[in-house]
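> 3D, please:
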Amino acid sequence: MKETVARTLRDSAAARWGVLMIVAFTMMTGYLVAKQMSPLEYLLESPTTQGGLGWSSSEFGLFAGSRGFFNVFFLMLFVGGIILDRTGVRFAGLLSCVLMLLGGGIDLWAISMLSPHPTVTVNIPLLGLDHIELKQQVLIASLGFATFGIGYELCGITVSKVIVKWFTGKEMALAMGIQVALARLGTAAALAGSPALAQWKGLSTPILVGVTCVGIGTIAYLFYCVMDSHLDRQVDVNPETADDEKFHFKDLLSTIKNSGFWGITILCLLYYSALYPFLDFATKLMIAKYGIDPQIAGTIPAILPFTSIVLTPLFGAMYDRIGRGTSIMIIGTVMLTLVLMVFALPLNAGWVAVAAMFILGIAFSLLPSVLWPAVPKIVPMKQLGTAYSIIYYIQNIGLMLIPIVIGNVIQRNTEGDHVDYTEAMWIFTGIGLAAIIVAFTLLWLDRKHNYGLEKSNMHSAKE
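Model (predicted):
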């Protein structure tokens with residue numbers, strides 16, 4: 001009887017989609033904070049006499065990359081994945097919200113309360129910081145962003161596992177597509193809205209808005225916890241069976257030995273290392289290369305997430321029904337690389353930037369709509385949290401290092417008010433080319449091991 005009730009709850013469209021809206025909203029607030037400083041680079045680097053903070057491109061690159069510091073160097077993402085698989089989605093989700101609030105609060109304090117003038121000497125050769133003088137404010141803000149990054153990434157893998165828990169055998173790719181679309185809405189709101197908020201009430205205002213939104217997202221997640229607890233009581237199973245379904249450390253070996261898992265992981269690393277760091281610098285690129293007014297320059301990169309808001313669920317629904325996952329990944333990586341190459345070429349008309357962003361928005365939708373739903377086809381449910389955490393961990397290495405590298409490259413190619421982005425964009429293009437190679441390799445691995453990545457999710461559920 002209990003099993004029937006449990007199926008009824010999970011099969012209830014209202015319950016299932018209600019869960020999705022709650023957890024996707026919480027994730028969206030994290031995405032809002034994650035990108036709210038990106039369109040403010042030109043303000044942060046303006047002199048203090050003009051209302052800026054006098055940061056350099058290298059300092060901004062350090063801040064942008066700091067989100068992954070703790071996740072990479074202290075293995076916090078890996079630890080978070082184990083916590084998720086051992087304690088469940090309720091505890092892990094609330095922990096992620098608390099960490100996002102704490103990190104956002106530190107950022108708010110650093111930007112609003114600390115002077116931008118005191119400096120300290122930093123010696124971290126691994127990050128290219130060899131006895132470099134940096135602003136104390138930058139370091140404290142980076143510490144806050146790194147703390148936020150722990151919760152942000154843990155929230156991502158937790159929400160992914162929630163969706164798998166509630167949508168396996170159903171519209172899983174569509175659900176993940178909608179979750180990604182709402183996350184992109186957070187990114188778009190940050191890119192388009194942060195400059196206006198900063199101009200209106202100061203540089204700390206977007207951060208205050210973001211932290212407030214995360215607080216609301218935390219409250220929303222509490223409502224999900226009630227629903228999830230109710231579901232777990234309904235599907236109360238034999239303790240021995242439950243123990244078999246729990247993650248054990250020996251399961252790590254089978255995950256690590258899975259070649260398909262590494263194909264997904266490396267593709268994720270390359271794709272997001274080319275895309276998200278590009279977005280960090282895209283607003284200033286629009287100003288410096290295409291002559292866009294700083295007041296509206298952030299709206300052009302915002303085209304990308306706004307486009308994906310519509311297309312990601314559409315492509316996810318398509319994957320649910322017709323499959324062709326690895327083929328879609330190949331198309332997405334090719335489009336990504338071609339657009340990045342366009343930004344590297346001497347084509348300086350504003351319409352080129354706008355058109356390229358629309359095309360990049362399609363690429364931004366294609367790959368994520370099939371990448372994340374592909375993981376449960378390769379990795380068992382009990383290993384899923386740890387698998388996602390390893391993927392995010394490897395991804396964070398790129399998201400940490402690439403902004404630092406690009407920031408230093410841009411600094412090297414800056415003379416007075418003139419900034420040359422050519423070298424930086426060719427680096428992004430090279431990463432995109434590597435992603436294309438990995439996408440083809442994943443297609444070959446799928447045919448060799450029959451993961452079912454080319455099959456539809458509905459077909460897989462019936463089998």
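
> please, where are all the helices along the stretch 301-450 of the chain?
Ranges of helices in the stretch 301-450 of the chain, per DSSP state H, counting those that start in this stretch, are 303-322, 325-344, 350-378, 384-412, 422-449.

> export those helices to a markdown table and tack on distance to L267?
The way it works is simple: take the backbone N, C-alpha and C, and place the C-beta from them, glycine included. Below are the helices of the stretch 301-450 of the chain laid out as a markdown table (distance: least, Cβ to Cβ, whole Å):
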| stretch | distance to L267 |
| --- | --- |
| helix 303-322 | 16 |
| helix 325-344 | 7 |
| helix 350-378 | 7 |
| helix 384-412 | 10 |
| helix 422-449 | 5 |
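
> dump the ones you listed into a markdown table; add distance to T147, mean pLDDT and mean neighbour count as well.
Below are those laid out as a markdown table (distance: least, Cβ to Cβ, whole Å; pLDDT from 0 to 100; neighbours: other Cβ atoms under 10 Å):
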| stretch | distance to T147 | mean pLDDT | mean neighbour count |
| --- | --- | --- | --- |
| helix 303-322 | 24 | 85 | 22 |
| helix 325-344 | 30 | 94 | 22 |
| helix 350-378 | 25 | 89 | 22 |
| helix 384-412 | 14 | 86 | 23 |
| helix 422-449 | 27 | 95 | 19 |
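
> where in the stretch 1-150 of the chain is pLDDT low?
1-8, 123-131 (pLDDT under 70).

> redo that, cut-off 90
Residues of the stretch 1-150 of the chain meeting the criterion pLDDT under 90: 1-13, 35, 37-52, 54, 56-62, 64-65, 67-88, 115-134.

> next up, the contacts around L101.
151, 211, 214-215, 218 (Cβ atoms under 8 Å, 6 or more residues apart in numbering).

> the same query, at a cut-off of 7 Å, please.
By Cβ atoms under 7 Å, 6 or more residues apart in numbering, L101 lies in contact with 211, 214-215, 218.

> what's the answer for A220, then?
By Cβ under 7 Å, 6+ apart, the neighbours of A220 are 22, 25-26.

> could the residues you listed be laid out in CSV, adding distance to A173?
CSV is the format used below for these (distance: Cβ to Cβ, whole Å):
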residue, distance to A173
I22, 19
F25, 20
T26, 20
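
> and those, which is closest to G298?
F25 (22.9 Å; Cβ to Cβ).

> ok, now which ones touch the closest one?
Counted by Cβ under 7 Å, 6+ apart, F25 has contacts 182, 217, 220.

> among those, which has the minimum pLDDT value?
Across these, the smallest pLDDT goes to L182, namely 91.

> any idea how far L101 is from that one?
Separation of L182 from L101 (Cβ to Cβ, to the nearest Å): 20 Å.

> Y451 too?
Y451 sits 38 Å away from L101, taking Cβ to Cβ as the criterion.

> please, which helix or strand holds E133?
strand 129-135 (DSSP states H and E).

> after that strand comes which helix or strand?
Counting by DSSP H and E, what follows strand 129-135 is helix 136-167.

> now V334. Nearest residue, chain neighbours left out?
The spatially closest residue to V334, leaving aside those adjacent along the chain, is I436, at 5.8 Å (Cβ to Cβ, 6 or more residues apart in numbering).

> isn't that neighbour right next to G332, touching?
No - using Cβ atoms under 7 Å, I436 makes no contact with G332, being 9.6 Å away.

> hang on, the earlier thing: keep only those of the contacts of F25 that are in helices.
Mapping the contacts of F25 onto helices (DSSP state H) picks out 182, 217, 220.

> in a markdown table: those residues, plus distance to D107.
Below are the ones in helices among the contacts of F25 laid out as a markdown table (distance: Cβ to Cβ, whole Å):
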| residue | distance to D107 |
| --- | --- |
| L182 | 23 |
| G217 | 16 |
| A220 | 22 |
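
> which among the residues you listed gets closest to G350?
Proximity of the ones in helices among the contacts of F25 to G350 (Cβ to Cβ) peaks at L182, which lies at 29.4 Å.

> what stretches of the stretch 201-350 of the chain score poorly on pLDDT?
Residues of the stretch 201-350 of the chain meeting the criterion pLDDT under 90: 201-203, 230-258, 276-277, 279-285, 287-325, 346-350.

> swap the cut-off to 80 and go again
234-255, 295, 298 (pLDDT under 80).

> which outside residues touch stretch 335-344?
Contacts of stretch 335-344 (Cβ under 7 Å, 6+ apart): 271, 274-275, 278, 352, 356, 359-360, 362-363, 422, 425-426, 428-429, 432-433, 435-436.

> ok, now with 6 Å
356, 359-360, 363, 422, 425-426, 428-429, 432-433 (Cβ atoms under 6 Å, 6 or more residues apart in numbering).

> also stretch 138-154?
Stretch 138-154 is contacted from outside by 30, 34, 59, 62-63, 66-71, 76-77, 80, 96, 99-100, 102-104, 106-107, 110, 392, using Cβ under 6 Å, 6+ apart.

> using PDB, write out every CA atom in that stretch.
Presented in PDB, the C-alpha positions along stretch 138-154 are these (Å, rounded to 0.1, in the frame of the first residue of the first chain):
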ATOM      1  CA  VAL A 138      39.800  42.300  -3.500                       C
ATOM      2  CA  LEU A 139      41.100  39.500  -1.300                       C
ATOM      3  CA  ILE A 140      38.300  39.700   1.200                       C
ATOM      4  CA  ALA A 141      35.700  39.900  -1.600                       C
ATOM      5  CA  SER A 142      37.400  36.800  -3.200                       C
ATOM      6  CA  LEU A 143      37.200  35.000   0.200                       C
ATOM      7  CA  GLY A 144      33.500  35.700   0.300                       C
ATOM      8  CA  PHE A 145      33.000  34.600  -3.300                       C
ATOM      9  CA  ALA A 146      35.000  31.400  -2.700                       C
ATOM     10  CA  THR A 147      32.700  30.700   0.300                       C
ATOM     11  CA  PHE A 148      29.700  31.400  -1.800                       C
ATOM     12  CA  GLY A 149      31.100  29.000  -4.400                       C
ATOM     13  CA  ILE A 150      31.000  26.000  -2.000                       C
ATOM     14  CA  GLY A 151      27.300  26.500  -1.500                       C
ATOM     15  CA  TYR A 152      26.600  27.400  -5.100                       C
ATOM     16  CA  GLU A 153      28.100  24.200  -6.500                       C
ATOM     17  CA  LEU A 154      26.600  22.000  -3.700                       C
END
